[in-house]
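Colleague: Below are the sequence and a predicted model; questions follow.
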Amino acid sequence: MNEIWNPEYESMSRDELRELQFKRLQMTLRWVYENVPFHHERWSAMKLKPADIRSLEDVRKLPFTVKADFKAAYPYGLFALPLDKVIRIHASSGTMSNPTVVGYSRGDLSTWSELCARVAVAGGARFHDVAQIAFEYGLTTGAFGMHAGLERVGVTVIPASTGNTVRQLQIMRDFKTTVLVGTPSYVMHLTDVALESGYDFKDLQLRVGLLGSEPWTNQVRAELERRTGMSASDIYGLSEVIGPGVSYECWNKDGLHISEDHFLVEVVDPQTGEPVPEGKEGELVFTSLTKEAVPVIRYRSGDLASVSYRACACGRIFARHSKVYARTDDMIVIRGVNVYPASIEAVLLDIEKVEPHYQIILYREGSLDQIEIQIEVTPSFFTDAVRKLQAFQHHVEERLRQELGIRPRVRLVEPKSIPRHAENSPRLIDNRGV
Ligand code: DLL
């Protein structure tokens, strides 16, 4: 089980690693200073030049970058390369109106597949495996990233994408899938549907699950492993930083190894931005060390975790972060799609006849996360025929699906039936009990 894809890097000494990180950091800072006016201007205003960063710790002198900076720079404002050198575009999930756009040079794609190959091998995939990718093939990064990584290992890849659950099961049985890649919630759903449609996981060949893109607990892992018989590993990443491939679990399943030769990690207090001691929870902040098209400097992930530098039994020297369960903001990850309540509100308020009173309720049905949106509509509305009400409900569901990529159930409720909240109080009720 314990094979390492790239021992030269994954098992180098920490001293060598720090040296490599610093060399790569200097290159990245010079590259960004020369090619991204956004960073150049901000650093100049602080009278900072790349040469002022004389150690890895000095990176703290530089300002943070946040998601809002990507949105303000939409679509290409943070690119360090002209488009003719960029050969792939992706975007984060969850909003179609002003998504976070990222680009990859040829070199970036090669780095990315290397990183995802590490993820695949650490989770137990080998060249003789058959991997079914049940992430959506589209603008988001999950499917394409893992696809390239698994191919690099020599695994036979089935780009199944999402949806059509019975067909997924059929493919899994007939094509003899041994590695399943997707969100934990979708895989859990697959096991429910399998029961209903007469598939028995004991008859399948599944060995390994590479699952991520959303928070999931060790209890969910245990249940998934029990139901499927496979070993399930957590994979983490975010599109701004590269996509999947930022960190990954080894067989030890005691924290996710960060590919530190490509990303410098800091853990900061979300309020003060100051570093927190090793082992204490804080916000993960990443600086890319090798990216060409869209390098990120001190990017605040919004994800809360602690980091440990203790040696791992697997032989990898990379630091490990704890599983990510919580965020610094109100972003929800629902079946791998990231949404902010504010984006839901923006879509709702854009629809005529919707009153600005709504409530978002997250709950679990079977094994699948569901989202219900209760909306108050104008009083005159309830005098309309049922058919008209249903059509309107469907219209709102469609708009949310198209603009945010979520599939909510919309329930129209009478005026004044939703409790009024004090301003800024959350209109989100999470009944999923993670
Ligand atoms: O979700 C990239 C990815 C795809 C990672 C497939 C792993 C597998 P984004 O759409 O930009 O990118 O969403 C990133 O999702 O900041 C976390 O809040 C959350 N997230 C991703 N992986 C995990 C995980 C991809 N393993 C955001 N555990 C991140 C918890 C995760 N949360």
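Modeller: Received, thanks. This structure is a prediction, so every number in the text was calculated from the model and none was measured.

Colleague: Please enumerate the strands of the stretch 251-400 of the chain.
Modeller: Assignment of strands within the stretch 251-400 of the chain using DSSP state E, counting those that start in this stretch yields the ranges 256-258, 263-268, 282-288, 299-305, 307-308, 320-321, 326-327, 332-334, 337-339, 354-365, 368-377.

Colleague: Report the rounded mean pLDDT for the longest one.
Modeller: Yep, that's strand 354-365 we're talking about. Here strand 354-365 scores 85 as its mean pLDDT.

Colleague: Phe201: neighbouring residues, count only.
Modeller: 19 (other C-beta atoms under 10 Å). C-beta: built from backbone N, CA, C; applies to glycine.

Colleague: give me every residue that touches it.
Modeller: By C-beta atoms under 8 Å, 6 or more residues apart in numbering, the contact set of Phe201 is 191, 194, 227-229.

Colleague: Which among those residues count as buried?
Modeller: 191, 194, 227-228 (16 or more other C-beta atoms under 10 Å).

Colleague: would CSV of those residues with secondary structure be doable?
Modeller: Below are the buried ones among the contacts of Phe201 laid out as CSV (DSSP: H, G, I helix; E, B strand; the rest coil):
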residue, secondary structure
Thr191, helix
Ala194, helix
Arg227, helix
Thr228, helix
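
Colleague: now, which of those residues lie close to the ligand?
Modeller: Among these, no residue is within reach of the ligand (C-beta under 6 Å from any ligand atom).

Colleague: which one of the residues you listed is nearest Ala131?
Modeller: Distance to Ala131, by C-beta to C-beta, is smallest for Thr228 among the buried ones among the contacts of Phe201, at 14.5 Å.

Colleague: roughly how far apart are Arg167 and Val208?
Modeller: 21 Å (C-beta to C-beta, to the nearest Å).

Colleague: now for the contacts of Phe201, which pair is the farthest apart?
Modeller: Ala194 and Gly229 (11.9 Å).

Colleague: what about the stretch 251-400 of the chain, any weak spots by pLDDT?
Modeller: The model of the stretch 251-400 of the chain has no residue with pLDDT under 70.

Colleague: Enumerate the residues of it near the ligand.
Modeller: So the stretch 251-400 of the chain meets the ligand at 301-303, 324, 327, 333, 338 (C-beta under 6 Å from any ligand atom).

Colleague: Most neighbours among those residues, which one is it?
Modeller: Taking other C-beta under 10 Å as the neighbour criterion, Asn338 ranks highest of those with 26 neighbours.

Colleague: Show me the strands in the stretch 1-150 of the chain, by range?
Modeller: Going by DSSP E, counting those that start in this stretch, the stretch 1-150 of the chain shows strands at 86-91, 101-105, 130-133.

Colleague: and the first one, average pLDDT?
Modeller: What strand 86-91 shows for mean pLDDT is 97.

Colleague: again, but for the shortest one
Modeller: Averaged across strand 130-133, pLDDT comes to 98.

Colleague: Surely Val66 is in contact with Ser301?
Modeller: No. Val66 lies out of contact with Ser301 (C-beta atoms under 8 Å); the separation is 9.7 Å.

Colleague: So which residues on the stretch 101-250 of the chain come close to the ligand?
Modeller: Checking the stretch 101-250 of the chain against the ligand by C-beta under 6 Å from any ligand atom, the hits are 135, 140-142, 212-215, 234-239, 243-244.

Colleague: any idea how far Tyr363 is from the ligand?
Modeller: 19 Å (C-beta to the nearest ligand atom, to the nearest Å).

Colleague: mind listing what that residue touches?
Modeller: Contacts of Tyr363 (C-beta under 8 Å, 6+ apart): 369-370, 372, 431-432.

Colleague: what's across from it in the sheet?
Modeller: Legend: beta-bridge partners of Tyr363 under DSSP bridges are Gln370.

Colleague: For it, give its distance to Gln374.
Modeller: Counting by C-beta to C-beta - Tyr363 and Gln374 are separated by 12 Å.

Colleague: and what of Ser44?
Modeller: 49 Å.

Colleague: Neighbour count: these two, which is higher?
Modeller: Gln374 (18 against 12).

Colleague: and that one, what does it touch?
Modeller: Gln374 touches 358-359, 361, 411-413, 418, counting by C-beta under 8 Å, 6+ apart.

Colleague: Sort out which of these are buried, if you could.
Modeller: Buried, going by 16+ other C-beta under 10 Å: 358-359, 361, 412-413, 418, out of the contacts of Gln374.

Colleague: Out of those residues, which is nearest to the ligand?
Modeller: Ranked by distance to the ligand (C-beta to the nearest ligand atom), the buried ones among the contacts of Gln374 are led by Ile361 at 20.5 Å.

Colleague: pretty sure the closest one contacts Glu372?
Modeller: Yes. Contact status for Ile361 versus Glu372: in contact at 4.6 Å, counting by C-beta under 8 Å.
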